[in-house]
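> compute the structure for the input listed below.
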Amino acid sequence: MTIHTYERMVNLRRMTTRSHVGLGLGAAVLGGALWWRKNPSACPYGQRFWVQPPHPFITRARLKEALQPRAGQHILEVGPGTGYYALDTAEWITPSGTLDIFDLQPKMLDHTMRRAKYRGITNITPTQGTAEQLPYPDATFDAAYLVAVLGEIPDQHAALSELARVLRPGGHLIVGELFGDPHWVAPATLLRNGTDAGLTFEDRTGRLLGHYTKFVKP
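Here you go, the predicted model:
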């Protein structure tokens, strides 16, 4: 066997090994995504790096366009994560506006509040609990929103019904969805579930890859 032949064989084995490793990792990622989709759950605090980078298509600017926040409003965000949207929303409704953030994980709430304190934001109130049982009176909020969160909630129907309950008549619910998210909720499914909860579809902004659906409470 010549040296060149031996080198070609070694390189071929290396390429084959890399290919197998790549396929194995791809299968693991796909398997994890499928499992996560069938078992809705919130992104763990220890994996918060998934929710901290810039959010393509479901940007803060597009949320603001859909939400149309005004000074003095009382707004609810469900599933704020580490505050990607919350901090800006709180500033949009100053002065005299208040933002309630509601999350299953106390560590996410604590993280957001630390960031708010660093930025000098004082109009955010955190509450821990499950979205299927919101601890707020009827008709509390002028608007509510959740971004890439609805699919993580085990009982979406209950969560949407609760959100409709705590909205004031004429209040808006904004639901952001990003295609490719393991818990992505398809537009048709979202429209059906929102209608079943007693909300009226009003508008959808953005693209198929990432959009905000806007409902209004009659």
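
> can I get stretch 211-218 in CSV, CA atoms only?
The C-alpha trace of stretch 211-218 is given here as CSV (Å, rounded to 0.1, in the frame of the first residue of the first chain):
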residue,chain,number,x,y,z
HIS,A,211,-46.2,36.8,13.0
TYR,A,212,-48.4,38.4,15.6
THR,A,213,-52.1,37.5,15.7
LYS,A,214,-54.3,40.2,17.3
PHE,A,215,-57.6,39.3,19.0
VAL,A,216,-60.1,41.7,20.7
LYS,A,217,-62.5,40.9,23.5
PRO,A,218,-66.0,41.9,22.5
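
> buried ones in that stretch?
If you call a residue buried by 16 or more other CB atoms under 10 Å, then stretch 211-218 has these buried ones: His211, Tyr212, Thr213, Lys214, Phe215, Val216, Lys217. Bear in mind the C-beta positions are built from the backbone N, C-alpha and C, glycine included.

> same check on stretch 70-87?
Those would be 73-87, for stretch 70-87 by 16+ other CB under 10 Å.

> now, which of those lie within strands?
His74, Ile75, Leu76, Glu77, Val78 (DSSP state E).

> now do the SS call for the closest residue to Arg204 other than its chain neighbours.
Spatially, and ignoring its direct neighbours in sequence, Arg204 is nearest to Thr213 (5.0 Å; CB to CB, 6 or more residues apart in numbering). Under DSSP: H, G, I helix; E, B strand; the rest coil, Thr213 falls in the strand class.

> identify the bridge partners of Thr213.
Val175, Arg204 (DSSP bridges).

> before we move on, back to that, Thr200: which of the buried residues of stretch 211-218 is nearest?
Closest approach to Thr200 among these (CB to CB): Val216, at 5.2 Å.

> now that closest one: how far from Leu160?
Plainly put, Val216 is 13 Å away from Leu160 if you go by CB to CB, to the nearest Å.

> intersection of neighbour lists for these two?
Residues touching both Val216 and Leu160 (CB atoms under 8 Å, 6 or more residues apart in numbering) are Leu173, Leu199.
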